[in-house]
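sequence first, predicted model second:
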Amino acid sequence: MARLEDIPQPTRDAVANLPCRSFDTHPFVAGPPLAQRRVAILTSSALIRRGDPPFPFGSGEARFIPATTPAGEQLVSHVSINFDRSGFQRDRNVVFPLDRLNELATQGVIGGVADTHYTVMGSTDPAAMLGSVSQIAGQLQQERIDAVLLTPV
Amino acid sequence: MLESRGVPCVAIGAVRVQMEKTQPPRGLFVPFQLGRPLGEPENVAFQQRVLLQALGLLERTDGPVILEDFPDDPPGWLDTHGWVPPSLPDFGTPADPASWRVGFTAELDALQPVWERARARFGRSTVGLSRVARTEWPALAAAFVNGELPIVAGHDTAALALRFLCDDIKAFYGEAGQADGPAPASRQLDAWFWRGTLAGRLLVALRTAAMASGNNAMKTVGGRFFVPAPWLPG
C-alpha cells in the first residue's frame, strides 16, 4: 500500500522528503448537513479528455471536467510514472469517483453532484497553481458548490 | 487554498507524512497504493466506505485540522492466485532497430485480440495519449531506438512524443493483462510487463537511447519518465 515502508525506493525517500508547503493560517469553513451539500471532485491526476493535449511538464493549470464526460474519453496524463494506472484502467472511480457520488446523491446521502469537476497535475509546485485556485473557486461559487473532495494520485 | 475562498474541502491522502505537513482542514489517510485514492477498482462497497468516511469529515466541527485514518487495506493489494498473464511467444531481446520493429510488431499482433477482449470487458480503453495508431508504434519506436528524433503531430517535441508513446504502450499491455480472469495485483502486472515482454525490454532500450541522445530534453525525459526505478536493469 502506500504505507511509506511499502513504496519502493527511491520513490519512498522522494515521497517522504517532498517539500510540502505549510500555511500560516488554517481556514475552516462550516457548511450545511451532508444531505444538503453539492459535491465536486478535484483530482490531481492530470485527467484529460481524449484528443486534448496532455498536461505539460510542470504545468500549474487547472482543467474543468463536465460531469457528462464519458469514462471512455478520460485519460491520465500525469507526468509521474511512480503511481499505479492499472486500477484506473479497470475503473475510473478509483481516481475520479463520479459514479460513486451519483449513487450517494440518489440515496440522499449527499444533496447533489456538481456539474463541473476539476483536475490539476499534482507534482507541480503549488505556488504555480494560485491562478488555477482562483479559477476553480470562481466556478465553484457560480455553481453554489459547498463541498470539494480532493483525490490525489 | 480553496477553503480560504469559502469552500469546505476534504482530502483523501495516501502519504500520511505529507498530510501531517500540509495540514488540510479535513484529511482522510488511506493506506492504499499510489494511484488508487479510492482503494479498489470495481469494488463499489469498498469505494463507498472510503467516500462516506471522507465526506463525513465535512460535518465535523472540531477543526481547523482534522486527520483521520481509514482502517482497512484494500483487498486487491495481495497477489491474485489464479491470475495468468497473457501467453506470448518469447521474442528475445533484439539487437538492432530493425529487429526491434519486427519483434515488437509480432508481439503487438499477438496481444491485439487479448487487448480487444479487455476493451470489451471494461467498455473503454485508456490508450490514446500518443495520438499515434497502434500499427505505427513499432516503426516509431524503432526510429527512436536508432537515435532519430521524429516529429509527431500533436506533440511539441520528440521527447514528449516518445514519453506518451511509452505511456500508451504501458496502457495497452496493462489493459491486455487484465482482459481475462480475476484482477491481478498491480505488481503482478508490472512484473509481467517489465520482465516478461519484449515491450518492457523495448522501453528500457528506449531509455538507453534517450540517455545517449544529444538532445537534452530527450535525455531528461528518457532518464526520468520511461522506466520506474524498481524496474531498471541491474
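Thanks, I have it. These numbers were taken from a predicted model, which means no experiment stands behind them.

quick check, residue B:192 in contact with residue B:87.
No: between residue B:192 and residue B:87 there is no contact under C-beta atoms under 8 Å: 10.9 Å. To be clear about C-beta, it is placed using only N, CA and C from the backbone, and glycine gets the same treatment.

what about residue B:156, how many residues nearby?
12 (other C-beta atoms under 10 Å in any protein chain shown).

over to residue A:58?
Neighbours of residue A:58 (other C-beta under 10 Å): 11.

residue A:122 is in contact with that one, correct?
No: Residue A:58 lies out of contact with residue A:122 (C-beta under 8 Å); the separation is 11.9 Å.

for the helix or strand that contains residue B:50, buried residues please.
In this structure, residue B:50 sits in helix B:44-56 according to DSSP states H and E. Neighbour counts over helix B:44-56 (16 or more other C-beta atoms under 10 Å in any protein chain shown) mark B:46, B:47, B:48, B:49, B:50, B:51, B:53, B:54, B:55 as buried.

over to stretch A:7-22?
For stretch A:7-22, by 16+ other C-beta under 10 Å, it's A:7, A:11, A:12, A:15.

and for stretch A:26-34?
A:27, A:28, A:29, A:34.

got it, and stretch B:218-233?
Residues B:218, B:221, B:222, B:224, B:225, B:226, B:227, B:228, B:231 are the ones in stretch B:218-233 that count as buried (16+ other C-beta under 10 Å).

of those residues, which are in range of chain A?
B:225, B:226, B:227, B:228 (C-beta under 8 Å from any C-beta of the partner chain).

assess the claim that the first one and residue B:163 are in contact.
Meaning residue B:225. Yes: using C-beta under 8 Å, residue B:225 is in contact with residue B:163, at 5.4 Å.

quick revisit: with neighbour numbers in mind, choose between residue B:192 and residue B:87.
residue B:192 (21 against 8).

apart from its chain neighbours, what residue comes closest to the more buried one?
Distances taken as C-beta to C-beta, 6 or more residues apart in numbering or on different chains place residue B:85 nearest to residue B:192, at 4.1 Å, with adjacent residues excluded.

assumed that neighbour was part of a strand.
No: counting by DSSP: H, G, I helix; E, B strand; the rest coil, residue B:85 falls outside a strand, being coil.

so which residues of chain B form helices?
Applying DSSP state H to chain B gives helices spanning B:16-22, B:44-56, B:97-122, B:137-145, B:158-176, B:186-196, B:198-211, B:216-225.

CA atoms only: put the last one into PDB for me.
The C-alpha trace of helix B:216-225 is given here as PDB (Å, rounded to 0.1, in the frame of the first residue of the first chain):
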ATOM      1  CA  ASN B 216      18.800  17.500 -23.700                       C
ATOM      2  CA  ALA B 217      15.000  17.200 -23.500                       C
ATOM      3  CA  MET B 218      15.200  13.600 -24.700                       C
ATOM      4  CA  LYS B 219      17.900  12.900 -22.200                       C
ATOM      5  CA  THR B 220      15.900  14.300 -19.300                       C
ATOM      6  CA  VAL B 221      12.600  12.800 -20.200                       C
ATOM      7  CA  GLY B 222      14.100   9.400 -21.000                       C
ATOM      8  CA  GLY B 223      16.000   9.200 -17.800                       C
ATOM      9  CA  ARG B 224      13.100  10.000 -15.600                       C
ATOM     10  CA  PHE B 225       9.800   9.200 -17.300                       C
END
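
any idea of the pLDDT on the spatially most central residue of chain A?
Central residue of chain A (C-alpha atoms, centre = their mean): residue A:43, 1.1 Å from the mean position. We have a pLDDT of 98 for residue A:43.

and for the closest residue to residue B:1 other than its chain neighbours, the neighbour number?
Of all residues not flanking residue B:1 in the chain, residue A:133 sits nearest, at 4.6 Å (C-beta to C-beta, 6+ apart). Applying other C-beta under 10 Å, we find 18 residues neighbouring residue A:133.

thinking again about what came up before, let me see the contact set for the residue nearest to the centre of chain A.
Applying C-beta atoms under 8 Å, 6 or more residues apart in numbering or on different chains to residue A:43 gives the contacts A:95, A:96, A:117, A:118, A:119, A:120, A:150, A:151, A:152, A:153.

let me see the backbone angles for it.
The phi and psi torsions at residue A:43 (degrees, to the nearest 10) take the values phi -110, psi 140.

one step back: which residues touch the residue nearest to residue B:192?
Residues in contact with residue B:85, defined by C-beta under 8 Å, 6+ apart, are B:177, B:184, B:188, B:189, B:192, B:196.

going by neighbour count, which of the residues you listed comes out on top?
Neighbours here mean other C-beta under 10 Å. Within the contacts of residue B:85, the largest count is held by residue B:177, at 28 neighbours.

name the helix or strand of chain B that has the lowest mean pLDDT.
helix B:16-22 (a mean of 88; mean pLDDT, DSSP states H and E).

would you mark the buried spots in that helix?
Within helix B:16-22, the residues scored as buried using 16+ other C-beta under 10 Å are B:16, B:18, B:19, B:22.

how close does the second one get to chain A?
In other words, residue B:18. When distance is defined by C-beta to the nearest C-beta, to the nearest Å, residue B:18 is 5 Å away from chain A.

pretty sure that residue is touching residue A:20, no?
Yes: between residue B:18 and residue A:20 there is a contact at 5.5 Å, judged by C-beta under 8 Å.

appreciated, that's everything.
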